[in-house]
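Engineer: any chance you could fold what I've pasted below:
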Amino acid sequence: MVGSAGSARSAFSAQVDNPPRHAALVRITHWISALCFFTLLVTGIEIILSHPRFYWGETGNLNMTPLFSLPVPASRPAVPTGYGFVLPDQNGWSRSLHFESAWVLVFTGILYIVYGLATKHFWKNLVPDSDDLSGRAFAATIVGHLRFNRPEESEAWRYNTLQRLAYLAVIFLLVPLAIWTGLAMSPAVVSAFPSLVTSLGGQQSARTIHFFVSLLLLVFVVVHLIMISIAGFAKRTRMMIAGGVQQGRRVV
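Structural biologist: You can find the predicted model right below:
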């Protein structure tokens, strides 16, 4: 009995000394965002297939020359794509689910931003140190990532410079821009806040920008998954689900 009590106290002490790698709210918002992104990706593809042509300005239709076209068949026979067949039209449910997922992502993002500001999470864990931005150190980090080298054990509890810059770009640039351009394509929102779309040059401009921002987010996710696989997919995923216990400081 004494030995069992001592073991329990030791285990509890170890958990206190070595807190979770990721805080609970970070893990929750991460997985909600991941689910939303997957849903937005699938539904976004379905929406694009209804008209895989992109324009610049306020209007765009079949009688106008597009800025560029995707080399894929459309889900509507009236859209000229060069293919002799059309795909099933799933535009109705895709738009509804796309908008619903986008709003869930917006509220999740707001919660994460408020938490990050309140706990100084961004400053402590994402803003690079001045030494990390020095030419030699930063170049070494980039070369290591381009070669897809396996990260060191120390990186299990501290983001490297490239990771920090990438996360900051996604959190404070790409996701807000995706939300902004998405809202600019909503007639209801634009009727109340017309500057959302006029500042972008029109609804078709917003749609084109939204497409390229989505591509950049997809590239980020693909590289993110590759690096996780190299570092140890099961271990890193388990840490993001259950928190994990690591030597060193807690990353909130």
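
Engineer: how near is the spatially most central residue of the chain to residue 44?
Structural biologist: Centrality entry for the chain: nearest residue to the mean C-alpha point is residue 217, 5.5 Å, by C-alpha atoms, centre = their mean. According to C-beta to C-beta, to the nearest Å, residue 217 stands 10 Å off from residue 44. From N, CA and C alone the C-beta is placed, and that goes for glycine too.

Engineer: can you check residue 109 too?
Structural biologist: 17 Å.

Engineer: neighbour count winner among those two?
Structural biologist: Counted by other C-beta atoms under 10 Å, residue 109 and residue 44 do not tie: residue 44 has more neighbours, with 21 against 18.

Engineer: now the more buried one: phi and psi?
Structural biologist: phi -60, psi -40 (degrees, to the nearest 10).

Engineer: mind showing which ranges of the chain have poor pLDDT?
Structural biologist: 1-21, 131-158, 244-252 (pLDDT under 70).

Engineer: same thing but 50
Structural biologist: In the predicted model, the chain carries pLDDT under 50 at residues 1-17, 246-252.

Engineer: could you chop it up by domain?
Structural biologist: The chain resolves into domains spanning 2-23+119-242, 59-88 when parsed by automatic domain parsing.

Engineer: remind me, longest helix of this structure?
Structural biologist: Ranked by residue count, the top helix of the chain under DSSP state H comes out as helix 203-242.

Engineer: where along the stretch 101-250 of the chain do the helices fall?
Structural biologist: With DSSP state H, counting those that start in this stretch as the definition, the stretch 101-250 of the chain shows helices at residue ranges 121-125, 135-146, 161-169, 175-184, 187-192, 195-198, 203-242.

Engineer: buried residues in the third one?
Structural biologist: Which is helix 161-169. 161, 162, 163, 164, 165, 166, 167 (16 or more other C-beta atoms under 10 Å).

Engineer: related to what we said a few turns ago, check contacts around the residue nearest to the centre of the chain.
Structural biologist: 37, 170, 174, 175, 178 (C-beta atoms under 8 Å, 6 or more residues apart in numbering).

Engineer: what of residue 193?
Structural biologist: The contact partners of residue 193, by C-beta under 8 Å, 6+ apart, come to residue 183.

Engineer: ok, now residue 128?
Structural biologist: Residue 128 touches 161, 164, 165, counting by C-beta under 8 Å, 6+ apart.

Engineer: quick check: which of the helices of the stretch 101-250 of the chain is buried the most?
Structural biologist: Greatest average neighbour count among the helices of the stretch 101-250 of the chain goes to helix 175-184 (a mean of 20), per mean count of other C-beta atoms under 10 Å.
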